[in-house]
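Asker: Below is the structure, and that's it, no one-letter string:
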DNA sequence: AAAAAAT
């Protein structure tokens, strides 16, 4: 088996990894590290949760060490761009762990934080700068930083950067970094625009793809409640959370306003909750995330600012309080659970005006999400032939759709089935690159899922709560606690060695 | 149509 040693990393970095509990590289690490070490440009097709940060961070640190230079003031040696402030902070936190025993300096540049402090830090010399594009350009314009010595450029979550309209900023930044550089691009999906971006900024890139994308979402047990409206969503949400007192939940809302309103309500009825969205100050966002990560609060109500990449160990439930307008976002949201080899449950609420969105999601993922409760709307069924002549699919549904419970994924032993037999990564199959001979097989496999009873759902939910819950925690943990009653960091510790190099998936 | 990101 491949070890980090085999990948050409120095003793220095290796000893840090050992101290951190890393032994076995994840697939993307095993694939990418040697290529980066060899100096290639790289396209990494990988979701968050695959160990991306280490995949580019470790070899980059290694090469910076070998170069042996010290950074000039205001002149960085490596630049990492990511779409949200939270992601930037998370990447930097990981890198800071990796460079602990080295003289390499890592700094963060994001909006919403003191620009003067960032400026001062850059003046003291920074090797690796992790940034959101807007603030970086701001600092460049103020001459607080120059990119002319940046020999490494990483574009993380490139698809989201494009979605968020960062393309213009990326163009500006690309003109400021030297031509003679190594560029690494990571993206969960490979739409045309990303391929074009890669063609523009990468030279003769190698490609690393973690098999099969969408796997994280695969491990998530998914259910949908058909509801009449928001108040019913809230009632079911509260009941389900109370039924799972050991759980940790992320609740996604479509709007910032909606997220805030829901958070206030949950707080009012006694849940230990915070919210995170674009109307919150950066300080508030970071405090909310930290409190949730530390286990001080059990529920985080969020907009899609937190849908991608955010890595919080031990999230047991993801609630889609509102279904997202963009079906991709659903996949990213539910990917906040079932991380680091754990299980997870995703519960969606579907109001009458959201059925179209549910259909889009089910079509994208090529699954039928199991119905947990509610009247199944007549127009839920996808039109025949909507999926390329696979009209037979509907015929696979249980006769008498009146009690229309279906599983989103196989149960039990099927998890151990060969990868090709497992559920399809179709959320990411929009591009031709991922469509392979297995695609059809996977679809077949899915189609075969029989009906599942609500009782099974309840049992699974109950069981899941235990399996995922942190040992020793009592009922009522959703409620506000007086002090930090011993929850603390236990979860994170407990995860430490899990799955070798994957124990914290973004690390 | 909403969200994020520079102020």
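Answerer: Received the coordinates, thanks. Note that the structure is a prediction, hence the values are computed from the model and not measured. Residues are numbered from 1 along each chain as shown, chains lettered A, B, ... in the order given.

Asker: for residue A:263, what are its contacts?
Answerer: Shown in contact with residue A:263 (C-beta atoms under 8 Å, 6 or more residues apart in numbering): A:273, A:274, A:275, A:301. Where C-beta positions appear, they are placed from N, C-alpha and C, glycine not excepted.

Asker: Neighbour-wise, which one of these leads?
Answerer: For the contacts of residue A:263, the largest number of neighbours (other C-beta atoms under 10 Å) sits with residue A:301, at 30 neighbours.

Asker: which residues touch it?
Answerer: The contact partners of residue A:301, by C-beta under 8 Å, 6+ apart, come to A:250-253, A:259-260, A:262-263, A:266, A:273-276, A:321.

Asker: Please work out how many residues are found near whichever residue of chain A sits closest to DNA strand B.
Answerer: Per C-beta to the nearest atom of the strand, residue A:278 is where chain A lies closest to DNA strand B, at 1.8 Å. Neighbour count of residue A:278, defined by other C-beta under 10 Å: 13.

Asker: Tell me how many other residues crowd the residue nearest to residue A:373 when sequence neighbours are not counted.
Answerer: The shortest distance from residue A:373 to any residue other than its chain neighbours is 4.8 Å, reached at residue A:225 (C-beta to C-beta, 6 or more residues apart in numbering). Using other C-beta under 10 Å, the number of residues around residue A:225 comes to 20.

Asker: Correct me if wrong, but residue A:225 is in a helix.
Answerer: No. Secondary structure of residue A:225 (DSSP: H, G, I helix; E, B strand; the rest coil): strand, not part of a helix.

Asker: My guess is it contacts residue A:376. True?
Answerer: No. Using C-beta atoms under 8 Å, residue A:225 makes no contact with residue A:376, being 10.7 Å away.

Asker: Next, give phi and psi for the residue nearest to the spatial centre of chain A.
Answerer: Most central in chain A under C-alpha atoms, centre = their mean is residue A:309, positioned 3.0 Å from the mean C-alpha point. Backbone torsions of residue A:309, given as degrees, to the nearest 10, read phi 80, psi -30.

Asker: Pretty sure residue A:157 is one of the things it touches, is it not?
Answerer: Yes. Between residue A:309 and residue A:157 there is a contact at 5.9 Å, judged by C-beta under 8 Å.

Asker: Mind listing what's buried along stretch A:268-283?
Answerer: For stretch A:268-283, burial by neighbour count (16 or more other C-beta atoms under 10 Å) applies to A:271, A:272, A:273, A:274, A:275, A:276, A:277, A:280.

Asker: One more: stretch A:373-381?
Answerer: Quick answer for stretch A:373-381 (16+ other C-beta under 10 Å): A:373, A:374, A:376, A:380, A:381.

Asker: Repeat that for stretch A:163-172.
Answerer: So stretch A:163-172, judged by 16+ other C-beta under 10 Å, has buried residues A:163, A:166, A:169, A:170.

Asker: Could you pick out the residues of the stretch 301-450 of chain A near DNA strand B for me?
Answerer: With C-beta under 7 Å from any atom of the strand as the criterion, the stretch 301-450 of chain A meets DNA strand B at residues A:303, A:304, A:305, A:325, A:326.

Asker: Give me the three-state assignment for the fourth one.
Answerer: Just to be clear, that refers to residue A:325. coil.

Asker: correct me, but it touches residue A:357?
Answerer: Yes. At 6.7 Å, residue A:325 counts as touching residue A:357 under the criterion of C-beta under 8 Å.

Asker: which one of these two has more residues nearby?
Answerer: More crowded of residue A:325 and residue A:357, by other C-beta under 10 Å: residue A:357, with 22 against 13.
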